[in-house]
Every structure is written in C-alpha cells, then in structure tokens.
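1. when you get a sec, could you give me coordinates for this:
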Amino acid sequence: MATLTSATALRPRSYVRVQGPDAVDYLNRMLSNDVPAEGSVDALLLTPKARVIAPLLVWRRGDEDVLLLTEPELGEVVRSQLLRMRFAAKCEIEPEEHVSTVILGGGEGIPNRDYGQPAVEVLDASAEPTLDDGALERLRIEAATPRYGREIDDRVLPAEAGLDERAISFSKGCYPGQEPVARQHFRGKVNRRLRVLEIEGDVPEPETPVVHDGKDVGRVTSAVPGLALAYVRVAVPEDAALDVGGRAARLRSGAATLTDSPRP
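-> Numbers count the residues shown, from 1 in each chain. Alright, predicted model coming up:
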C-alpha cells in the first residue's frame, strides 16, 4: 500500500460528549475498552449478546470530559443508549457539532487507525480536502477496516470483523457483552474472517456470494474497482481461486488487517 503524505479528506461523523465527575467511570462500565488517561482509543458499544451497537473513537479531552466519535447515523443511538443505562452516574451526555478532517501521514490530532497508515483526525480544521470519498474508501478497504452498515451489523461478532485486538480490552472490568466476547476470545476460533479480495471485472454489489469449488464460502460487504472486503470462511485456502458473481477473485496475501495493527 502506498503511503500518502499530508493528504486530507473529510470524515463524516457524529459526536457525543460525556462530561462530569462520573464520566470516565461510567464509560468504563459501558464500553469494550478502557478510557485512556490521555489521548484516544477505539472501543465498541455492545449489546449483552456482543452485537455491535456502535463503533467508537474515544477521545479523553480532560479529567471529566470525553468525546465519543462515531458514524454519522449513530450519534443519537449512542446518546440514547448511554442515557438509558446511566441511572445514578453523575455525567451529562449530549451531542456536539464538529467537522472531522483526516490527515494522512500523521501530525497533531486524534490518532485514526482506519486507513492502514499513520493518520490523525482534526476537528473543525480549515484544510481543503485533497482526497475524495472514493479514494478514502479504497484506503479503508485496503486496510480491511470494517464500516458500520457494511461489515458491521447484527450478524457479525467483533472477532469476525477483526475488532477484538483493536477495540476490546480483555483485562478491564465488566461491560455489556463482555461474557460472550471473552468466551469467544479464549476459545480462540471463528468460522469466518473479514478479508481483502482482489477482483477482476466490474464492482460487485454488497451481499454478492463468494464461491469456492461450487460452494458459497462468504459474501462481499464493500467494493471499489479491483478490490473488495468480504467475510470468507477461514477454511478457504489462501491460494484459492474464487468466484464473485461471475468475476474471478482471490484472497489478497499479506493484506493488512485490524489485528495486525498495534494496540494504542
């Protein structure tokens, strides 16, 4: 994957502020990862059965001030879920309005681990985008980063999407969904994984079956010309000849995955 230096792109987001004396303690009881002492971390808000309600970028802005960055359609979902479970916790949970710009190549900002190379997210910057949505989507697919509504839905467990290493702590206290997440982790096996495919021909639609030796072994979730993300059964050989809606395809060898990324 080529590294882009100082390229910029808009990153659609919703933002939820959790602020008050119990803000950090409350979030640590609700999220799959610990709120950091400073900086940011990826985390998940899960159902008790470990289905993903929302992927989050958790930014510690102060001792009692945490900003949650999520997908644009999930801001109210996150706010409502946290309000519903707050009970006696002393914190306010409110939306904020910002504009996120991703700067590839690193720099000052909130670390962003979605694109397979050093990047930061800057709020309310004046930088003009140099990459369009299609270019950013290609980088996301190359990095095997799951997107809510495509790779992440109620059919998918976090480990299948590669989120277990990036967004889950296996040493923190209890949170909704912890038991099934831990059970799967220590069992050490999933039947399918999110993979990058190299595909010939036109771009396949999401949900197009992935076929090997005449059997369905997966499904496409996102695609750009020449590449796709798909859930593929782990039993499929790395050098398998695949068919995706009549298009020749193969697993990308050595493709970046979220589990290859260091934990923040």
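
2. ranges for the helices of the stretch 151-264 of the chain?
-> Under the criterion DSSP state H, counting those that start in this stretch, the stretch 151-264 of the chain carries helices at the ranges 163-167, 178-187.

3. my guess is K172 contacts V35. True?
-> No. In this structure, K172 is not within contact of V35 by C-beta atoms under 8 Å, at 9.8 Å. In short, each C-beta sits where N, CA and C put it, glycine included.

4. returning to what we had before: most tightly surrounded among the helices of the stretch 151-264 of the chain?
-> Among these, the stretch with the highest mean neighbour count (mean count of other C-beta atoms under 10 Å) is helix 163-167, at a mean of 23.

5. OK, contacts around the nearest residue to S14 once chain neighbours are set aside?
-> In space, and not counting its chain neighbours, S14 is closest to G75: 2.7 Å by C-beta to C-beta, 6 or more residues apart in numbering. Contact analysis of G75 by C-beta atoms under 8 Å, 6 or more residues apart in numbering lists S14, Y15, V16, P95.

6. same thing but at 10 Å, please
-> By C-beta atoms under 10 Å, 6 or more residues apart in numbering, the contact set of G75 is R13, S14, Y15, V16, A54, L68, L69, P95, E96, E97.

7. and what of K215?
-> K215 neighbours (C-beta under 10 Å, 6+ apart): P209, R233, V236.

8. low-confidence ranges in this protein?
-> 1-5, 254-264 (pLDDT under 70).

9. closest to the centroid, which residue in it?
-> Nearest to the mean C-alpha position of the chain, by C-alpha atoms, centre = their mean, lies P146 at 4.8 Å.

10. so which of the helices of the stretch 151-264 of the chain is nearest A223?
-> helix 163-167 (20.5 Å; C-beta to C-beta).

11. output the contacting helices and strands for the closest one.
-> strand 39-46, strand 52-62, helix 178-187 (3 or more C-beta pairs under 10 Å, 6 or more residues apart in numbering; DSSP states H and E).

12. so which of the contacts of K215 is the most crowded?
-> Using other C-beta atoms under 10 Å as the neighbour test, those are led by V236, with 19 neighbours.

13. would you mind measuring from it to D164?
-> Separation of V236 from D164 (C-beta to C-beta, to the nearest Å) stands at 20 Å.

14. just E92 next, same as before
-> 31 Å.

15. check V16 too.
-> 24 Å.

16. equivalent analysis for V122, please.
-> 28 Å.

17. G218 too?
-> In this view, G218 and D164 are 19 Å apart by C-beta to C-beta.
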